[in-house]
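Asks: sequence and predicted structure, then a few things I'm wondering about:
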Amino acid sequence: MSLDDLYQEIILDHYRSPRNRSADLDPHDVHVHHSNPLCGDELDVRLRVDRSDPTAPTVDALAFDGDGCAISMASASAMSEAVVGRKLSDAEDLTEAFRLMMHGEGVKREDDLLDGVAFQGIAKFPVRVKCALLGWMAFKDAVTTYAAGRDEHRVTND
Amino acid sequence: MSLDDLYQEIILDHYRSPRNRSADLDPHDVHVHHSNPLCGDELDVRLRVDRSDPTAPTVDALAFDGDGCAISMASASAMSEAVVGRKLSDAEDLTEAFRLMMHGEGVKREDDLLDGVAFQGIAKFPVRVKCALLGWMAFKDAVTTYAAGRDEHRVTND
Amino acid sequence: MFDATTIRKDFPVLQRQVHGRPLVYLDSAATSQKPQAVLDAITRFYEERNANVHRGVHALAEEATEAYESARTRVARFVGADPRGVVFTRNATEAFNIVAYSWARTRLGPGDIVLSTQMEHHANIVPWQLVQPEAGFELRYVPVTPDGRLDIDGLERILATGRVKLFTCTAMSNVVGTINPVADLAGRVRAANRDCVVVVDGAQSVPHLPTDVLALGADFLCFSGHKMLGPTGIGALVGKPELLDAMPPFLGGGEMISNVTLEGTTFNEIPYKFEAGTPAIAEAVGLGAAVDYLDALGMDAVRAHEVALLEVALPALLAIDGVTVHGPRDPHERGAAVSFSVAGLHPHDIGTIMDREGVAVRAGHHCAKPLVRLLGSAATTRASFYVYNTVDEVAALVDAIEVTKRFFNG
Amino acid sequence: MFDATTIRKDFPVLQRQVHGRPLVYLDSAATSQKPQAVLDAITRFYEERNANVHRGVHALAEEATEAYESARTRVARFVGADPRGVVFTRNATEAFNIVAYSWARTRLGPGDIVLSTQMEHHANIVPWQLVQPEAGFELRYVPVTPDGRLDIDGLERILATGRVKLFTCTAMSNVVGTINPVADLAGRVRAANRDCVVVVDGAQSVPHLPTDVLALGADFLCFSGHKMLGPTGIGALVGKPELLDAMPPFLGGGEMISNVTLEGTTFNEIPYKFEAGTPAIAEAVGLGAAVDYLDALGMDAVRAHEVALLEVALPALLAIDGVTVHGPRDPHERGAAVSFSVAGLHPHDIGTIMDREGVAVRAGHHCAKPLVRLLGSAATTRASFYVYNTVDEVAALVDAIEVTKRFFNG
Ligand SMILES: Cc1ncc(COP(=O)(O)O)c(C=O)c1O
Ligand SMILES: Cc1ncc(COP(=O)(O)O)c(C=O)c1O
């Protein structure tokens, strides 16, 4: 596996020109802060939910901000593109597909992951897998927090 | 160093026919019990002191008894022969000569040690040195205990 | 086919001469010898991928981490455990201390009983004694019968108090060889108190018997690498993950933390929570290779080989005038550590003379003084067998005892 | 003559390629590589005289004991200590825990202060935090100045309370490289409280500087074998014998006892009192060989070599646009662990790209989060040098940083 596979053009592009990266999202329904003390990564995810169909709330908008390595920031950026517009339940399912891919268990929903697929090669670098997962896990937590009727959550991952 | 050096005829003879080995000594001035819990050796030494010259008390009689390996029992036997009849101070000095010999620091008072000299070779077997010292250290303790005006002492040596 | 004569060739030290005679190594219960495969695994680790583990982003660090964690997985599989429940320690002793300090000391108090047995190695006595004054529990011991077995009635009497919160016993005695019916004992203690924690000393059993920690009914299992063909400096505490999870950490430092601030610290997940500082990396790799070696032999075959040796050794020893053998006489009820006494001779002298004959046995209390004292002496002589010992070596043992008797009895 | 190019040949792993490039190993502050002499000492021990130590009467047991105790004597001499005060541990971390559990926990209470510093490795923070709630002492930290030194005024202010009973600091920072004036600090704390116990973290200094524990004014000195060319699984707590003597034991088991009965136990003399169970025998032998190797090089020459490397490396790093070097800039005031930051780049990414160039550096908090946080970041990149590193490797480091910058900045 070459360097280019690890930081391919797509990942570098998200790193250099992040999508949906912003210090705030006004208004938002839920804000989560995730940190990884071992790496020192810090990530904020703000999520606005569209409840126009009360039986199937969707991701109306999402903003992330943070401090971390190229892979964690690029992955959060790719995540933001993949989940906006999706039903929460569907986005959660997509998150699980990404997680399984990062644990080397094959690629499902390849088309829906959009640029997220580019992170597939990182599964071969165990110490970097957590970086790629950070944004997705924060999103998942945001959905769970929202579903529990709360609007704020701080999590420390190892 | 051959087996014969370790358990030479002299040592085997003291082991098979111990001198001054007896469960009691009547009367005696002081009784010490030494044990070495690591080896499981147990040794009693009873000492009678001749005070006819109050400025120079001497070893009137000594009896040892115990449970231990051939080397410890033979060495106690050889010790008993070497110290009986000596002034306490002189016998203590002889004990020190034996101790130094066992630590490989040369042989002093060779003639006075009598059969004790036979144990010299054991200095080369570190794990057995404590066995050879047991009787002599018990004797030394008996003298110290007597000098302190007491008549009984129990010691656990490592 | 299991053939000790072939297996011996894998063990460089067994080519050695001692006092001009071929070494007959019968002290494997103290520590085993190491096959070339284990030495090679250690050397190769240092020559090819030595680095500190966890969190390093460079290739060597990744490879070292992979080697270390793969060893954990193989050790876990060897005893039927979840790798998350395998904490690498220095030795079995440290494993007991972790349970004593982090579980017994923090959970138990006055009114509770920690129940050990009179058959235990000091490693399974002293840690409980050390934490007992602070915790305030009562420390009791299951009695041992004259033939070297646990006294089940004695056990039941103590269990009847309903206060036994931790039960610990060895799966195989290092002195009398007895194989204890651990699963049955665990059942009894849990029948008396459902929540009783069961600790098993596997220091002798894991090297010599097929082991399944669940089948044993053990909450914790402690063992050492150096007795099972592995290097010194490595052992394991195998624990139920949920128990380890709930325990406070023991040693503090790097690796075992999640976040450190000057005000306080959060801890890493298990098993890392109990592995403070740079671990014994090469040693874990060596233990992994030892487990592979034993797996290739097959633990059933290892056990069968030892039973076969015992079938020769026990009658041969008993046939020597003046020799007493301690512990069970049926090879199927015991391991290959055989303690014996020779009338009128002290074990130290026996050990020394036998060494002159090239036969390495242990003489002393075998770090199990309470048990040896029960046998009515302060010391015994112990011959212990392993995969590389042969029937010829049993004969050498018998000959050396005869030489020793002649030497002292003139 | 000290010649790193010749010395390198003693280290098999340095012949390795990584990602098709020669390995440039700049992670010795995490763990050092091992010379052939150390690997041989370990292998020879197992091939020629492996046995359990102490009390065995057979030849192998005597030889193994001799090898183990001779290693202790040489390690003691290496740091100017009495062998009775050298306790073998798994690593520096365990050494700190012994002092924390057996000294601080049993001696200190409310009103007392344990004073560490903000410059410490987690091994010198977490053990004090772990025992603090039980003991009730106050745990404080000497502040660190922005240029990575201990704040002496801050120290004096805390000392002025008169309540500091234990002072601990590193002799050399593993992050910013700072060499602390330990003897001077020890003098200050003892001037404030004559009985204050001084603990020194020698994990980085003992491998890289000539060490005399008395000259340091240390009551306890903690270090690890694996950072000083020795194997994993071995380290040392060096303590004043009279202090160790008076301390209760920590881990319980075999070796550390004098007599065991079911009612209670008496303990062995030092250092054995603190070495429970079968020790890391081959690892001690390996550490003895490492100490011999360093002695043959001469610790003054080792230090001079590292200063020479720093004289090239520091200006070269500072000359790179966007690079900040943390800690003292005068090579004579610092060790060879050099942390740096590159503007706009995350250390993990730097470490990964540099690894692709064959350059092994560490990225992260280096188990010293409080200090790294003070430096204003969550992580740094660290290059650390040792006896086998050359000026050419400094050039490789600089090149790799340039490559990394180009890669991310496009
Ligand atoms: C300054 C310092 N102290 C303590 C330690 C802990 O050493 P170990 O992990 O070998 O216990 C280290 C090593 O990382 C260190 O650099
Ligand atoms: C039954 C038993 N338990 C515990 C131990 C302690 O093992 P270690 O000294 O490796 O910690 C031993 C080894 O002597 C043993 O035989």
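Replies: Arrived safely, thanks for sending. Ligands and ions are numbered 1, 2, ... in the order given.
Asks: going by C-alpha atoms from here, please, whenever you check contacts or count neighbours.
Replies: OK.
Asks: for the host helix or strand of residue C:351, output the C-alpha coordinates as CSV.
Replies: Assessed by DSSP states H and E, residue C:351 sits inside helix C:347-356. The C-alpha coordinates for helix C:347-356 follow below in CSV (Å, rounded to 0.1, in the frame of the first residue of the first chain):
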residue,chain,number,x,y,z
PRO,C,347,17.1,-33.0,50.9
HIS,C,348,19.9,-30.5,50.5
ASP,C,349,22.5,-33.2,50.7
ILE,C,350,20.5,-35.3,48.3
GLY,C,351,20.3,-32.4,45.9
THR,C,352,24.0,-31.7,46.1
ILE,C,353,25.0,-35.3,45.5
MET,C,354,22.5,-35.9,42.7
ASP,C,355,23.8,-32.7,41.0
ARG,C,356,27.2,-34.3,41.0
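Asks: output the contacting helices and strands for it.
Replies: The contact analysis (3 or more CA pairs under 8 Å, 6 or more residues apart in numbering or on different chains; DSSP states H and E) places helix C:347-356 against strand C:362-364, strand C:380-384, helix C:391-409.
Asks: do any residues in the next helix or strand after it lie close to chain D?
Replies: Using DSSP H and E, the next helix or strand after helix C:347-356 towards the C-terminus is strand C:359-360. Yes. Counting by CA under 8 Å from any CA of the partner chain, chain D is contacted by strand C:359-360 at C:359-360.
Asks: so strand C:359-360, near chain B or not?
Replies: No. Strand C:359-360 does not reach chain B (CA under 8 Å from any CA); its nearest approach is 14.0 Å.
Asks: list the pairing partners of that strand within its sheet, with orientation.
Replies: Using DSSP bridges, strand C:359-360 pairs in its sheet with strand C:24-25 (parallel).
Asks: alpha carbons of whichever helix or strand comes after the strand it pairs with, as PDB, please.
Replies: Per DSSP H and E, the first helix or strand lying C-terminal to strand C:24-25 is helix C:36-48. Output in PDB follows, covering the C-alpha atoms of helix C:36-48 (Å, rounded to 0.1, in the frame of the first residue of the first chain):
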ATOM      1  CA  GLN C  36      15.000 -22.900  19.900                       C
ATOM      2  CA  ALA C  37      11.700 -21.700  18.500                       C
ATOM      3  CA  VAL C  38      11.100 -19.500  21.500                       C
ATOM      4  CA  LEU C  39      14.700 -18.200  21.500                       C
ATOM      5  CA  ASP C  40      14.400 -17.400  17.800                       C
ATOM      6  CA  ALA C  41      11.100 -15.600  18.200                       C
ATOM      7  CA  ILE C  42      12.700 -13.300  20.800                       C
ATOM      8  CA  THR C  43      15.800 -12.700  18.800                       C
ATOM      9  CA  ARG C  44      13.900 -12.100  15.600                       C
ATOM     10  CA  PHE C  45      11.700  -9.600  17.400                       C
ATOM     11  CA  TYR C  46      14.700  -7.600  18.500                       C
ATOM     12  CA  GLU C  47      16.500  -7.900  15.100                       C
ATOM     13  CA  GLU C  48      13.500  -7.100  12.900                       C
END
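Asks: start to end distance for stretch A:53-62?
Replies: Length of stretch A:53-62, first residue to last, CA to CA, to the nearest Å: 18 Å.
Asks: then stretch C:211-222?
Replies: Distance across stretch C:211-222, first residue to last, is 12 Å (CA to CA).
Asks: stretch C:169-176 too?
Replies: The straight-line separation of the ends of stretch C:169-176 (CA to CA) is 14 Å.
Asks: next one: residue C:15 from ligand 1, what distance?
Replies: Look at residue C:15 and ligand 1: by CA to the nearest ligand atom, to the nearest Å, they are 36 Å apart.
Asks: should've said residue A:71
Replies: Per CA to the nearest ligand atom, residue A:71 is found 26 Å from ligand 1.
Asks: now do the same contact list for that residue.
Replies: By CA atoms under 8 Å, 6 or more residues apart in numbering or on different chains, the contact list for residue A:71 reads A:7, A:11, A:15, A:128, A:131-132, D:349.
Asks: go again using 6 Å as the cut-off
Replies: By CA atoms under 6 Å, 6 or more residues apart in numbering or on different chains, the contact set of residue A:71 is residue A:132.
Asks: and whichever helix or strand it is part of with helix D:347-356, angle?
Replies: Per DSSP H and E: residue A:71 is located in helix A:70-83. On the basis of axes from the mean of the first three to the mean of the last three CA atoms, to 10 degrees, helix A:70-83 is oriented at 120 degrees to helix D:347-356.
Asks: going on from helix A:70-83, what's the next piece of helix or strand?
Replies: Remark: after helix A:70-83, the chain's next helix or strand is helix A:88-102, criterion DSSP H and E.
Asks: excluding its backbone neighbours, what's nearest the closest residue to chain C within chain A?
Replies: Of all residues in chain A, the one sitting closest to chain C is residue A:37 (5.5 Å; CA to the nearest CA). Using CA to CA, 6 or more residues apart in numbering or on different chains and skipping the chain neighbours, the partner closest in space to residue A:37 is residue C:259 (5.5 Å).
Asks: so who does the one you found touch?
Replies: By CA under 6 Å, 6+ apart, the residues touching residue C:259 are A:37, C:265-266.
Asks: repeat the analysis, applying 7 Å as the threshold.
Replies: Going by CA atoms under 7 Å, 6 or more residues apart in numbering or on different chains, residue C:259 touches A:37, C:265-267.
Asks: from those, which land in helices?
Replies: Of the positions in these, not one sits in helices, assigned by DSSP state H.
Asks: looking at those, which is nearest chain D?
Replies: Using CA to the nearest CA, residue C:265 comes nearest to chain D of the contacts of residue C:259, at 7.3 Å.
Asks: pLDDT, neighbour count and distance to residue D:90 for the contacts of residue C:259 - can I get that in TSV?
Replies: Shown next, in TSV, are the contacts of residue C:259 (pLDDT from 0 to 100; neighbours: other CA atoms under 10 Å in any protein chain shown; distance: CA to CA, whole Å):
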residue	pLDDT	neighbour count	distance to residue D:90
A:37	72	21	26
C:265	88	17	22
C:266	89	15	23
C:267	90	18	20
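Asks: so which of the residues you listed sit within strands?
Replies: C:265-267 (DSSP state E).
Asks: C-terminal to the helix or strand bottoming out on mean pLDDT in chain A, what's the next element?
Replies: Among the helical and strand segments of chain A, the one scoring lowest on mean pLDDT, DSSP states H and E is helix A:3-6, with a mean of 60. With elements assigned by DSSP H and E, the helix or strand that comes after helix A:3-6 is helix A:9-16.
Asks: so which elements touch that following helix?
Replies: Identification of packing neighbours for helix A:9-16 by 3 or more CA pairs under 7 Å, 6 or more residues apart in numbering or on different chains; DSSP states H and E yields helix A:70-83.
Asks: any stretches of the chain with poor pLDDT?
Replies: I went with chain A, as the question did not name one. A:1-5, A:158 (pLDDT under 70).
Asks: hmm, no, I was thinking of chain C.
Replies: Checking chain C against pLDDT under 70 turns up C:410.
Asks: which SS class is the residue most central in space within it?
Replies: Geometric centre of chain C, nearest residue: residue C:203, 0.9 Å, by CA atoms, centre = their mean. Counting by DSSP: H, G, I helix; E, B strand; the rest coil, the backbone at residue C:203 sits in coil.
Asks: the contacts of residue C:259 also near ligand 1: which ones?
Replies: The residues of the contacts of residue C:259 that also fall near ligand 1, by CA under 6 Å from any ligand atom, amount to none at all.
Asks: how about the ones in strands among the contacts of residue C:259 in CSV, adding distance to chain B?
Replies: Shown next, in CSV, are the ones in strands among the contacts of residue C:259 (distance: CA to the nearest CA, whole Å):
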residue, distance to chain B
C:265, 42
C:266, 43
C:267, 41
